[in-house]
Every structure is written in structure tokens, then in C-alpha cells.
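Q: need the 3D shape of this:
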Amino acid sequence: MEHDMSKLVLGIIAAIVIVGLFAAILLLDPEDAISKNVDVKEPTITKFSSMEESGSLIKFVSYNEVQEYLAESVIQNQLNSGFRGGGVFMFDDGLMLERRMVEAVSEPMPTSAPTPGAPPMAEPQAGVDEFDGGVGTGVDFSKTNVQVENVDEPDFIKTDGKYLYVLSQNSLTIIEAYPAESAKVILKVALDVEQQNLENMFLNGDNLVIFYHGSGDTMGIAEYDYIPQRIYTPKTIATIIDVSDKENPEIINTYEIDGYYHNSRMINDTVYLLTTSGVDYYNPIIPRIITEDAIFAPDVYRFPNPEPNYNFNTVSAFSVSGDLINSESFLMGHSNTIFVSEDNLFITYQKNLPHTFYEAMQKDRFFLVVVPLLPQSVQDEIKSIQDSDSDSFSKWNQIEKVLQDTYNAMSKEQKDQLYDKINKAIAEYDTKVREDTQKTEIHKIHLDNGNFKYIANGQVNGYPLNQFSMDEHSGKFRIATTSNSFSVRESITSNNVYILDESLKTVGKLEKIAENERIFSARFMGDKLFLVTFEQIDPFFVIDLSTNTPKILGELKIPGFSNYLQPYDKDTIIGFGRDTKVNQWGGVQTLGVKVSLFDVSDLKNPKEIDTILIGDGSTDSEALYNHKSLLLDKGKNIMSIPIKGSVDSISGSSIRAPEYKTWNGFYVYGFDSKGFKEKGTIVHFEGSNYSYSYMPARSFYIENTLYTVMDGSIKMNDIENLSEKKSIHIAQTGKIIPFMK
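A: All right, here's what the predicted structure looks like:
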């Protein structure tokens with residue numbers, strides 16, 4: 001929808017500008033023949049006067065410099081809109097202290113360069129949940145389903161193979177989960193936080209790192225107002241808790257970081273956190289990190305390319321032992337999707353153009369497209385006027401007179417020829433301009449034990465779907481995007497794959513894949529990319545990335561689509577999505593949840609060798625949009641899929657019950673490279689009086705017990721025959737919860 005809206009806005013702008021240009025051209029009257037054809041030049045973007053032309057990272061040396069830069073950018077950016085955002089006069093002495101403190105910051109945090117001859121980047125997770133020995137237990141257990149091996153992702157539930165840690169609202173529940181037969185809740189404790197939910201966490205040894213949202217506030221007076229009002233600023237809180245004593249967990253450190261929580265990763269013992277915060281252009285508040293003992297101000301950097309709307313994107317790193325290592329803030333557009341390998345963080349966002357770009361585009365279009373199509377004598381007069389010392393208003397008045405004088409002598413036939421030629425040239429120019437706005441900016445930051453080193457930035461056409469649309473392999477960054485190309489009468493959606501080198505320079509590309517379709521899922525495996533696009537059927541592509549010339553090796557067209565792809569092994573991929581069919585009107589009807597097993601041993605001839613169909617269009621699975629909800633383990637021969645729907649849709653009954661009956665639970669399968677084998681289902685709720693207690697769905701195993709979590713309860717079942725061993729209710733109990741000290 002955002003892409004459609006951007007196309008609509010661009011179309012309206014283009015139409016307005018074309019009308020304006022033709023109003024000027026109607027005054028034109030060259031007596032000699034229409035000028036010769038010219039090549040339409042590439043669109044140019046006018047830079048802000050203060051912006052350097054280099055692509056290097058630029059560090060602010062003081063708070064005043066940040067303030068001046070943002071004030072200048074808003075003047076430039078709002079030159080034509082007549083709008084000026086309301087500034088705020090701050091009353092809080094703490095903020096003034098913060099500014100003085102930031103002004104004193106001049107040296108960057110320590111960084112380290114990439115190690116020469118470092119090993120190649122880790123391969124993406126092979127698609128099988130990692131298992132490991134628990135803390136002192138020696139048992140096998142599954143961990144969070146992640147994209148990249150050795151790069152942990154946060155979740156609301158974590159286990160070490162014996163104990164289970166669960167976040168729910170503002171509470172932490174610690175469960176002795178193994179062995180299942182004697183599983184019990186050891187402690188349920190709340191964090192004394194301001195009406196916030198605990199979002200997610202990492203587990204590292206005996207330490208938990210828990211994230212939640214908070215807010216700070218100060219008093220200020222809006223521009224031209226007179227009453228002080230409270231101003232709220234978002235904060236992300238990271239609390240590190242020692243849980244070595246399960247009955248008495250202890251908070252060992254807490255960081256308050258200005259900005260909204262965006263994402264995080266843990267590599268070895270270091271947590272990397274990305275937060276974003278908006279900008280007050282007249283009184284910017286530099287993001288801070290507050291601990292019990294000190295306030296830290298990260299260095300702030302900017303890039304030469306202008307943005308119409310800035311955000312502080314702050315990257316912080318700290319060890320799980322509670323030591324702050326580093327924090328740096330980057331002034332850029334709002335972060336969309338990130339990808340993290342073992343060595344690098346990639347931040348991506350949609351390329352933004354300032355409002356003044358469209359004014360500059362109108363001017364460029366006139367001089368680059370329209371003027372070269374005019375008679376040479378008119379071109380010379382216009383150039384002479386443009387090179388004069390007159391102000392812009394006087395220049396246009398003179399140009400207008402030249403156009404009027406020459407146009408009055410034109411015949412109708414000459415006018416029609418000129419209009420037709422200009423119309424075609426403008427359409428071609430506008431196409432190039434619109435395509436130039438369909439860009440994704442990419443920034444690469446090297447990670448080294450908590451230190452950062454900014455490496456490079458790059459740009460590709462289109463937009464990635466999610467984190468699985470990106471990957472790093474042998475030093476090269478690969479990204480799959482969906483983009484729109486434009487003609488006079490239509491826009492065409494297509495898909496692309498780009499290969500970028502270590503400096504984020506594009507060294508290879510494959511564009512215009514599956515026109516009029518968009519990417520529904522992507523998965524990189526070594527030098528291969530598996531890509532699913534969709535409009536009415538599901539094309540499953542196998543793309544070779546072994547060279548800098550990507551190419552499609554094979555393609556399979558089947559009904560339905562996959563929202564998520566996960567490898568089973570190098571020759572087998574499992575897709576999770578929906579079945580579809582074409583209805584009687586030629587449209588697409590979405591059906592139930594579909595699981596597909598793809599054989600890619602012959603890369604030129606991929607095959608769908610088995611499928612699972614569950615329910616109808618009302619049936620849903622969290623696995624379609626959250627990979628962490630899925631358990632898929634080759635060693636244990638188990639696949640657990642969360643399913644929610646009506647009893648009728650699950651059972652296949654065509655008769656609707658008098659009351660709407662809900663079914664919530666898990667479908668469990670065994671599988672190998674030849675197909676699926678249903679083991680059974682685990683029901684968490686079935687009935688008509690569903691008491692809503694939302695908790696994301698998760699599955700994991702410890703030894704030979706399958707643990708499933710949904711809507712406030714944990715069930716423990718035998719991993720082979722699914723016989724129930726125990727069930728624990730962890731939702732609200734109405735009892736008193738002690739607060740953590």
C-alpha cells in the first residue's frame with residue numbers, strides 16, 4: 001500500500017508539473033522548423049548547499065553543529081511548503097546540561113578495523129534448529145530459530161535445556177522444565193516498570209538481557225504558545241539479570257537508551273541494539289544512554305545525502321556481564337529492515353528525497369528536456385538570460401517574454417508537432433525520475449567485540465521484503481527486492497537480485513524477474529537463492545549467485561505461495577504459506593495453510609514432492625510471518641506448526657456450528673527428504689468460550705519432550721507419540737507477584 005501511495009503521489013506531482021510546463025510552452029512560437037531530436041538526459045538531484053559531494057561519513061563535533069545542520073536542512077527542505085515545524089523552548093535544566101555535555105564530546109568511541117584475512121562470513125542457518133547441551137545438564141535442546149548461525153535473535157521465551165524463562169506483560173516466569181514429568185514454576189516475579197510489557201530477551205549462561213519500552217518527559221513551551229506542556233520521549237530499557245539463583249534473580253545493570261526499540265542481536269557475549277528516535281529540528285535532543293552512575297552521549301554522524309525526515313539511529317553494544325562497550329548514533333532516514341552477520345550490521349531504509357527535489361526536478365526538466373527541443377535561437381536567448389546576474393524571478397519573466405514572442409509566430413501544425421515531441425520527451429524523463437525514487441539505501445557497519453567501524457553505503461533499486469531478503473556470503477552482500485518500472489500508461493512490478501562487494505558497490509545484478517508479481521519469500525543458501533513470487537500462481541525460482549552474473553537456473557509454477565522458506569538440507573527446502581485457487585471471476589481466492597517440500601537436488605528442475613494442507617482461508621499460522629514460532633529439526637525428525645482457526649475449518653466440516661468454535665494448537669509432523677508424516681495435534685484450546693490471553697506461539701524440545709507454548713499455557717508431550725506428560729498455566733493467576741529488587 002505504501003508503494004501504491006508513493007506512485008499516486010508521484011503521479012499527481014508529475015501531472016501538475018507537466019501542466020505547468022505546457023502552460024509555458026503554449027506561449028512559445030519559433031518561426032523556424034521544430035528543433036532536432038535530442039537524447040533525454042539522466043535526471044539530476046539538486047543537493048543542499050551545505051552537503052558535501054563525497055560519500056564519506058561525517059562526524060558532528062558539537063551539539064551546536066547538529067542543531068545548525070538540522071535547522072539548515074529544514075529551511076532547505078520546506079522552502080516551498082510554507083511550513084515551519086513548531087520548535088520547543090526547554091525548561092528542564094537536565095536537557096541544558098545534556099547539551100553542554102554533548103558539546104564537550106569530541107573524541108569517537110574506540111573502534112577497530114576488520115581483521116585482515118578474517119574467515120568468510122558464516123553461512124545462513126541451515127534451517128534446522130540448533131541443539132546443544134544445557135547448562136550443566138548434558139541434554140539436547142532446541143534454541144530460537146534464527147537466520148544466521150551464531151547470531152542469536154531475541155524472543156520472549158528462552159531455555160538452557162533445564163530451565164525455561166518466559167516473559168509475559170511485566171513479569172518473568174522461571175520454570176524448571178526438565179525433566180518434564182516434574183516440571184514446575186520456580187518463580188514468577190514482576191519488574192517494577194511503568195505500565196510496559198517486557199518485549200523480548202537474550203539468554204547467555206546465567207544472565208538474561210531483557211528489553212522493554214519506557215518514556216522520559218520534560219517541560220517545554222511550543223512555538224508561539226505560552227503554557228508549558230509535558231513532552232514525552234521514547235526510551236528503550238535493557239535490563240541485565242543474573243538468574244544463577246533461580247529463586248532470587250538479581251538485576252546487575254540497566255541501560256536506558258533514548259529511542260524506540262528497533263531490533264537487536266547477540267554475537268558471543270555481546271548484545272547489539274538498534275534504537276531509533278525522531279528529530280526536533282530546532283531543539284534536537286541527542287540520544288543518551290543512562291545508567292545508575294552516569295550519562296553517556298554517543299558520537300553522532302551524518303551522511304552527505306540529504307533526507308527530508310531525519311531520525312537518530314543509535315547502535316549500542318554491551319556485554320551480557322553488564323559492561324557498556326560502545327554506542328554511536330547515525331543521522332539518517334528511519335531504519336526499515338536490518339541484516340546482521342557474524343561480522344557486520346546492515347541497516348536499510350527507503351531512499352527519501354527532500355520536498356525541494358520536486359522543485360529542482362521541474363527546473364531540470366525545463367532546461368534539460370524542453371529547452372533542447374526549441375529552435376536554436378531561442379535556446380541561445382534562454383541560456384544568455386540564465387547566465388545573467390538577475391534574480392530568479394526576473395530571469396523567468398525574461399524567459400517568458402522570449403517564449404511569448406517566438407510562439408506567436410507559430411502555426412497550429414508547428415505547435416502540435418512541438419507538443420507531441422515535448423510530451424514524449426517529458427514522459428521518458430519522468431519515467432527515469434520515478435524509477436530513481438524506488439531505491440533502498442544500505443549502510444554497512446563492521447562489528448568487532450562491541451566496537452563499530454562504519455564501512456560503506458550503497459543503493460539498489462526496489463525494496464526488500466524482510467531480513468531473509470538479505471544475506472552476506474564470502475564478503476559479498478546479496479539482496480532481493482521488488483520494484484516498479486514506469487511507462488506513460490502503466491507501472492510494472494518486477495523483482496531483482498543484486499550482488500554488492502565489500503564496499504557496497506554493485507558488481508552483479510539480475511533484474512525484471514517475474515513481471516507483475518512481487519516477492520513473497522526469499523532464502524539464501526551459500527551461492528544459491530530460492531525466491532518465491534506471486535500473483536495467481538507461485539513461481540519458485542532457483543537462482544545461481546556463484547558469479548557476479550546471477551542467473552535463473554530453474555523455475556517451478558504451482559498453486560499457492562510460500563511466505564517463509566527454511567532449508568532442510570542442501571537439496572531440500574520447506575515452504576510455509578497458503579494454498580490458492582482462481583475463482584469464477586478470474587481473481588485469486590486464498591485457501592488454507594500450505595506446507596510444501598521442494599526437492600532442489602536438480603537445480604534446473606525443482607520439484608514439489610509433498611504438501612500439507614490445513615484448514616481453509618480462515619485458518620492462520622504464526623509461522624507464516626514469524627520464523628521464531630516454527631520448530632523444524634532434522635535430527636529429531638520433527639516439525640511443529642502453530643495453527644489457529646475454527647473447529648469447522650480444521651475438521652473440514654461443511655456445517656457451521658451454532659456457536660463459533662475456536663481451535664488453537666499445533667500440527668506435528670515427522671519428515672525427511674521424501675515427504676511428511678503426520679504425528680498428530682496438540683490442542684491448547686478448543687471450544688466456543690475462548691478466553692483471550694495472547695502469547696505468541698512457540699515450540700521447542702528438550703531431549704525427547706516437545707514443549708509447545710500458546711495463549712498462556714505450556715504443554716509437554718512425548719516427541720514420538722505426542723502423549724501428554726504435563727501442562728503448566730503461566731498466564732495471569734490473580735495472585736500477588738513479588739517485585740524484583
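
Q: quick check: phi and psi at Pro308.
A: Main-chain dihedrals, Pro308, degrees, to the nearest 10: phi -80, psi -30.

Q: I should have written Leu722 there, sorry.
A: phi 60, psi 20.

Q: now the helix or strand where Phe700 lies, how far from the centre of its chain.
A: Using DSSP states H and E, Phe700 falls within strand 698-702. Distance of strand 698-702 from the chain centroid (C-alpha atoms, centre = their mean, to the nearest Å) equals 27 Å.

Q: number of nearby residues for Asn563?
A: 21 (other C-beta atoms under 10 Å). Every C-beta, even on glycine, is put in place using the N, C-alpha and C of the backbone.

Q: domains of this protein?
A: 2-59+355-435, 191-340+343-348 (automatic domain parsing).

Q: for Asn704, find the nearest of those domains.
A: Set against Asn704 and scored by C-beta to C-beta, the domains of the chain come closest in domain 191-340+343-348, at 22.1 Å.

Q: could you give the average pLDDT over that closest one?
A: Per-residue pLDDT values over domain 191-340+343-348 give a mean of 89.

Q: count the residues that sit near Ala427.
A: 17.

Q: you'd agree it is in a strand?
A: No. With DSSP: H, G, I helix; E, B strand; the rest coil as the criterion, Ala427 is assigned helix and is not in a strand.

Q: for it, give me the pLDDT.
A: 84.

Q: so how far is Glu515 from it?
A: For Ala427, the distance to Glu515 (C-beta to C-beta, to the nearest Å) stands at 20 Å.

Q: what's the answer for Ala238, then?
A: 45 Å.

Q: compare those two (neighbour count), which wins?
A: Neighbour count, other C-beta under 10 Å: between Ala238 and Glu515, Ala238 has more, with 24 against 12.

Q: what sits against the residue nearest to that one when sequence neighbours are not counted?
A: Leaving aside its sequence neighbours, Ala238 sits nearest to Tyr255 (C-beta to C-beta, 6 or more residues apart in numbering; 4.6 Å). Applying C-beta atoms under 8 Å, 6 or more residues apart in numbering to Tyr255 gives the contacts Ile237, Ala238, Thr239, Ile289, Ile290, Thr291, Ser316, Phe318, Leu324.

Q: hmm, who's touching the strand holding Phe700?
A: 129, 131, 134, 139-143, 155, 157, 159, 161-162, 177-178, 180, 628-631, 633, 636, 638, 640, 642, 666, 706-710, 719.

Q: need the next SSE after it, C-terminal direction.
A: Scanning onward from strand 698-702 (DSSP H and E), the first element met is strand 705-710.

Q: please enumerate the helices of the chain.
A: 2-25, 63-77, 93-104, 356-365, 376-386, 392-407, 412-436, 647-651 (DSSP state H).

Q: comparing these, which yields the minimum mean pLDDT?
A: helix 93-104 (a mean of 31).

Q: restricted to strands, list the contacts of Tyr255.
A: Using DSSP state E, Ile237, Ala238, Thr239, Ile289, Ile290, Ser316, Phe318, Leu324 are the members of these that sit in strands.

Q: can you list those residues in JSON lines and add distance to Phe676?
A: Formatted as JSON lines, those follow (distance: C-beta to C-beta, whole Å):
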{"residue": "Ile237", "distance to Phe676": "43"}
{"residue": "Ala238", "distance to Phe676": "41"}
{"residue": "Thr239", "distance to Phe676": "42"}
{"residue": "Ile289", "distance to Phe676": "48"}
{"residue": "Ile290", "distance to Phe676": "51"}
{"residue": "Ser316", "distance to Phe676": "43"}
{"residue": "Phe318", "distance to Phe676": "43"}
{"residue": "Leu324", "distance to Phe676": "48"}
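
Q: for the residues you listed, pick the one with the most neighbours.
A: Ser316 (27 neighbours).

Q: list the beta-bridge partners for that residue.
A: Leu273, Ser327 (DSSP bridges).

Q: hang on, it packs against Ile257?
A: Yes. Taking C-beta atoms under 8 Å as the definition, Ser316 is a contact partner of Ile257 at 5.8 Å.

Q: perfect, that will be all.
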